[in-house]
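In: Sequence below, structure please.
(one chain, ligands or ions: 1)
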Amino acid sequence: MRFTPILRQASRADTLAFIGVGRMGNHMVNNILLSSLSSPNHPQLQSAAGDFSPEWLHMKSGKPKRILICDPFKENVDNTLRRMREVLGSSGGVEVGVVENPYEAALSASTLVSMIPTHTHVQSVYTGAPSSSSSSTSSSVSPDSTVLAALKGGKLGKNEVENTLCIEQSTIRMDVSQQVGKEIEGAGGMWVDAPVSGGVNGAENASLTIMCGASSPASFERAKPVLGMMGKKVIMCGGLGMGLAAKLCNNMQLGISMLGLSEAMLMGKKLGLDSELLGNIINTSTGQCWASSINFPVPGVHLPTVAKPPPASRSYEGGFVTALAHKDLDLAVEAARHVDAPLYVGRLAEEIFRKVRGTEDWDARDFSIVYKWLEEKSGAE
Ligand code: NAD
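Out: Here you go, the predicted model:
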């Protein structure tokens, strides 16, 4: 067998399982490990002791004694585990291991954190993929290997089910997240949607901004210290799905502002302005935004606000890839459609980034490459 099964060797209440150790998840779980090694300091623990079962009280501190990872992609599992073992060195202190599927993760851990690609992956991990979805993909989970199957299967006691917290951090469709969250809560567990902003760097430096939606303050309070190990800002946005609502609004604005800045920069160039001069003017004027001050899209232009060369100066390598930027715009358009929100510019941004995605290998380049796309469209050099 490819995996080392680790089931019920240590207390379930002491255990956190991380599902999806890709570009983001591998850093996030590593930061949970690093934080868990530091000595616990829980000033509010005593006052809470009367309200919560002792079984998971120390998990309220957010520091698990055992961390399990779960991912069908063996290379990601091996790399993540190797790095975690290096962090542990000979000191131990926290047990690390692997579980084969979400069902085993839920049997073994009272806290589940997931960072996986799309809503179909989230359905597949938690409740089982709907029959119409691509259930034959290598990352799909059989219906009896889901978190829900573990919660309903009778192997866990009532307290264990009620102490199960699912923290879902992927950027996915809001309505699907709400539906899956309701199913988990219907089975007795807790659910928090907690998507992140800050990219791979933020995941690595534990400086993510984390936006949360939860149906009860208790779920959020339980998730907060866990999230605090991965981010520097943990913000409650409202009920189920509201973390995703905030994330999609932010990322739609991000796409629009990058497109707008790119158009302004190209227009300036064609009108005869120097790009560095115009960039500096925008950065001290009302057009200033993250795209202009940090992720400037014009290649070869170095602005004083930009600490390290942005992706535009590295052939648009790294950064926030166009595929994800477009995915988020697509999700925003879908969310707006559900609530009849007028979306003129957002819809247009989605359409343009969709076209950028279809160009050469630009799917995997930073989304500021939209500047280059406009330049090529206009025939400008
Ligand atoms: P990734 O593709 O690098 O990693 C996803 C991981 O999930 C992979 O290791 C994959 O094998 C694993 N996975 C797939 N199906 C699984 C299953 N059934 N069980 C367990 N693991 C499974 O993706 P990523 O860049 O880490 O992004 C993850 C999520 O975070 C996405 O929703 C993305 O939109 C969001 N996000 C990404 C960034 C970024 O800059 N990369 C920034 C913010 C948010």
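In: mind listing the strands for the stretch 151-300 of the chain?
Out: 165-168, 190-193, 196-197, 208-214, 231-238 (DSSP state E, counting those that start in this stretch).
In: How far does the third one sit from its chain's centre?
Out: Think strand 196-197. 6 Å (C-alpha atoms, centre = their mean, to the nearest Å).
In: Please apply the same query to the last one.
Out: For strand 231-238, the distance from its own C-alpha centre to the chain's C-alpha centre is 13 Å (C-alpha atoms, centre = their mean).
In: if you look at it, does any of it touch the ligand?
Out: No. On the criterion C-beta under 6 Å from any ligand atom, strand 231-238 is out of touch with the ligand, staying 11.3 Å away. All C-beta spots, glycine's among them, are computed from the backbone N, C-alpha and C.
In: Just checking: what are the partner strands of that strand?
Out: Applying DSSP bridges to the sheet, strand 231-238 is found paired with strand 208-214 (parallel).
In: And for the second one?
Out: Paired with strand 190-193 in the same sheet, following DSSP bridges, are strand 165-168 (parallel), strand 208-214 (antiparallel).
In: List the residues that contact the residue in the chain positioned nearest to the ligand.
Out: Per C-beta to the nearest ligand atom, the residue of the chain with the smallest distance to the ligand is residue 22, at 1.7 Å. Contacts for residue 22 (C-beta atoms under 8 Å, 6 or more residues apart in numbering) come out as 71, 73, 76, 115-117.
In: just residue 36 next, same as before
Out: 63-65, 67, 93-94, 229.
In: Show the end-to-end separation of stretch 223-236, please.
Out: Taking C-alpha to C-alpha, to the nearest Å, the first and last residues of stretch 223-236 lie 11 Å apart.
In: With stretch 68-78 instead?
Out: Using C-alpha to C-alpha, the end-to-end distance of stretch 68-78 comes out at 12 Å.
In: Buried residues in that stretch, which are they?
Out: Applying a neighbour-count criterion of 16 or more other C-beta atoms under 10 Å, one finds 68-72, 76-77 buried in stretch 68-78.
In: roughly how far is it from the heart of the chain?
Out: For stretch 68-78, the distance to the chain centre is 17 Å (C-alpha atoms, centre = their mean).
In: residues in the stretch 151-300 of the chain within reach of the ligand, list them.
Out: 170-172, 196, 199-200.
In: and the two most separated of these?
Out: By the measure C-beta to C-beta, 172 and 200 form the most distant pair in those, at 18.2 Å.
In: Show me which of these two is the more surrounded one.
Out: residue 172 (26 against 16; other C-beta atoms under 10 Å).
In: which residues does residue 356 contact?
Out: 322, 326, 362, 367, 369-370, 373.
In: And for residue 118?
Out: Residue 118 neighbours (C-beta under 8 Å, 6+ apart): 170, 172, 327.
In: Could you list which of the residues you listed belong to helices?
Out: residue 327 (DSSP state H).
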